[in-house]
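S.K.: Predicted model, plus sequence, below.
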Amino acid sequence: MKKFFFIGIFLFWFSILIFIFFKLIEPPVSNYSTNDHSSFIVHQPLEKWIDPETKITFIRLPEGCFEMGSFLQEKNRGDDEGPVHKVCMDSFWISKTEITVLQFQRFVEKTRYQTQAEIDSFTWVYDGQWKKRGGFYWRNPGFDQTENHPVVHVTYQDARAMAQWMSGFKRRFLLPTESQWEYACRATSKQARFFGNDIRKTCEYANVADMTIQQKYKAFSVHPCNDSFMFTAPVGSFKPNLFGLFDILGNVWEWCLNEYDHLAYLNSKRYSQAVKNKRMPVSIRGGSWYSRPQFVRCANRDFVGTVQRRSSDLGFRLVMVID
């Protein structure tokens with residue numbers, strides 16, 4: 001009898017320790033509805049500013065704290081999305097949309113800048129599979145675009161060159177850090193997507209791999225909806241999140257400022273630094289017209305292997321810092 005008694009005591013305390021362990025690494029989901037949003041969004045319109053040179057509209061996001069990462073029960077979560085941890089943000093400005101062809105063109109015309117794709121005479125395009133091809137760059141992406149589409153085939157260095165050119169007295173422009181990007185994407189939501197967890201609603205808010213693209217590429221695993229665009233869509237074609245940001249999910253992947261580190265969430269300082277080594281992987285966020293449901297989530301983290309990567313599904317948006 002004593003043997004079974006001690007076994008029972010051992011199992012009891014062992015289960016308690018396991019319970020405490022998981023509570024520590026994964027805090028419980030708060031009672032939260034997608035309709036439960038902070039009062040500042042409802043009652044206070046967010047401040048806007050338009051850059052006079054490029055005509056990019058920036059929105060000032062309020063300071064606040066959020067839970068960064070995904071909970072264990074989130075469908076399709078990656079193991080680089082945890083542990084969930086609280087991050088508090090100062091107020092910052094972020095572009096309302098992804099940088100467009102026209103906005104990038106204004107930078108190029110003023111500076112005579114040449115992108116990496118133009119200098120090296122190649123980029124990556126998709127036609128059933130990703131291929132390294134010549135002749136394609138931001139003016140000729142490989143599919144029809146207007147000046148209001150997001151610019152693509154731009155590297156990390158191309159994006160930062162535009163940001164540096166825009167920067168001046170008291171105003172600095174940068175790519176967003178991962179924490180800034182996720183804060184902007186969530187817009188107070190704790191769900192997988194800022195509009196909720198129902199992927200059937202995705203096409204109301206984002207240009208993604210959907211039933212339209214499945215007509216051309218039969219092997220695609222897609223969202224069960226139709227957004228009507230095969231490749232990129234003009235920015236602002238879909239509903240914004242509660243911060244008034246368009247295409248924060250879908251359309252094109254967006255460069256982030258920092259290097260990608262699989263274990264970054266174990267040390268919050270690791271995902272706030274700019275890339276210093278050209279051969280280091282770089283974080284990208286948001287998914288694109290090419291992305292399946294598991295990639296179109298606010299917590300999803302992805303990366304490309306080098307700052308020189310460019311492709312027909314990769315663009316950027318900018319943040320503004322006022323000194």
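M.R.: The structure has been received and is ready for your questions.
S.K.: Any buried residues in stretch 164-178, and which?
M.R.: For stretch 164-178, the neighbour count (16 or more other C-beta atoms under 10 Å) marks 165, 166, 173, 174, 175, 176, 177, 178 as buried. (Each C-beta comes from the backbone N, C-alpha and C, glycine too.)
S.K.: you'd agree the fifth one is up against residue 255?
M.R.: Think residue 175. Yes. Counting by C-beta atoms under 8 Å, residue 175 touches residue 255, with 5.3 Å between them.
S.K.: Touching both of those two, which residues are there?
M.R.: Residues touching both residue 175 and residue 255 by C-beta atoms under 8 Å, 6 or more residues apart in numbering: 156, 159, 316.
S.K.: The first one touches residue 282, doesn't it?
M.R.: Yes. Applying C-beta under 8 Å as the test, residue 156 and residue 282 come out as touching, 5.5 Å apart.
S.K.: Let me see the ranges of the helices in this structure.
M.R.: Using DSSP state H, the helices of the chain run over 2-25, 39-43, 101-111, 116-120, 156-166, 178-186, 202-205, 211-214.
S.K.: Give me the contact list for the lengthiest strand in the chain.
M.R.: What stands out as the longest strand in the chain, according to DSSP state E, is strand 253-259. With C-beta under 8 Å, 6+ apart as the test, strand 253-259 has contacts from 98, 156, 159, 174-178, 181, 270-277, 280-288, 291, 302, 313-317.
S.K.: now these: which count as buried?
M.R.: With burial judged by 16+ other C-beta under 10 Å, the buried subset of the contacts of strand 253-259 is 98, 156, 159, 174-178, 181, 270-271, 275, 281-288, 291, 302, 313-317.
S.K.: Give me the below-cutoff pLDDT ranges for the stretch 101-250 of the chain.
M.R.: Flagging of the stretch 101-250 of the chain using pLDDT under 70 yields the residue ranges 219.
S.K.: Show me where it has its strands.
M.R.: Assigned by DSSP state E, counting those that start in this stretch, the stretch 101-250 of the chain shows strands spanning 123-126, 130-133, 171-174.
S.K.: Note down every partner strand of the second one and its orientation.
M.R.: Spelled out, that is strand 130-133. Sheet partners assigned to strand 130-133 using DSSP bridges are listed as strand 123-126 (antiparallel).
S.K.: Which residues belonging to the strand it pairs with are considered buried?
M.R.: 123, 124, 125, 126.
S.K.: Can I get the residues you listed in CSV including distance to residue 103?
M.R.: Shown next, in CSV, are those (distance: C-beta to C-beta, whole Å):
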residue, distance to residue 103
123, 20
124, 22
125, 22
126, 24
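S.K.: Farthest-apart pair in these, please.
M.R.: 123 and 126 (10.9 Å; C-beta to C-beta).
S.K.: anything in contact with each of these two?
M.R.: In contact with both residue 123 and residue 126: 311, 312, using C-beta under 8 Å, 6+ apart.
S.K.: re the thing from before, with only the CA atoms kept, save the longest strand of the chain in CSV.
M.R.: In CSV, the C-alpha atoms belonging to strand 253-259 read as follows (Å, rounded to 0.1, in the frame of the first residue of the first chain):
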residue,chain,number,x,y,z
TRP,A,253,5.6,40.3,-47.9
GLU,A,254,7.1,43.3,-46.0
TRP,A,255,10.7,43.8,-45.0
CYS,A,256,11.4,44.3,-41.3
LEU,A,257,14.4,46.1,-40.0
ASN,A,258,15.9,43.2,-38.0
GLU,A,259,17.8,40.0,-38.5
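S.K.: I'd like the mean pLDDT over it, please.
M.R.: On average, the pLDDT along strand 253-259 is 96.
S.K.: Please find the angle between the direction vectors of it and helix 156-166.
M.R.: 80 degrees (axes from the mean of the first three to the mean of the last three C-alpha atoms, to 10 degrees).
S.K.: Report the buried residues of strand 253-259.
M.R.: Neighbour-count burial for strand 253-259 flags 253, 254, 255, 256, 257, 258, 259 (criterion: 16+ other C-beta under 10 Å).
S.K.: Distance to residue 92 for these - can I get that in JSON lines?
M.R.: What follows is the buried residues of strand 253-259, written out as JSON lines (distance: C-beta to C-beta, whole Å):
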{"residue": "253", "distance to residue 92": "21"}
{"residue": "254", "distance to residue 92": "15"}
{"residue": "255", "distance to residue 92": "17"}
{"residue": "256", "distance to residue 92": "14"}
{"residue": "257", "distance to residue 92": "12"}
{"residue": "258", "distance to residue 92": "15"}
{"residue": "259", "distance to residue 92": "20"}
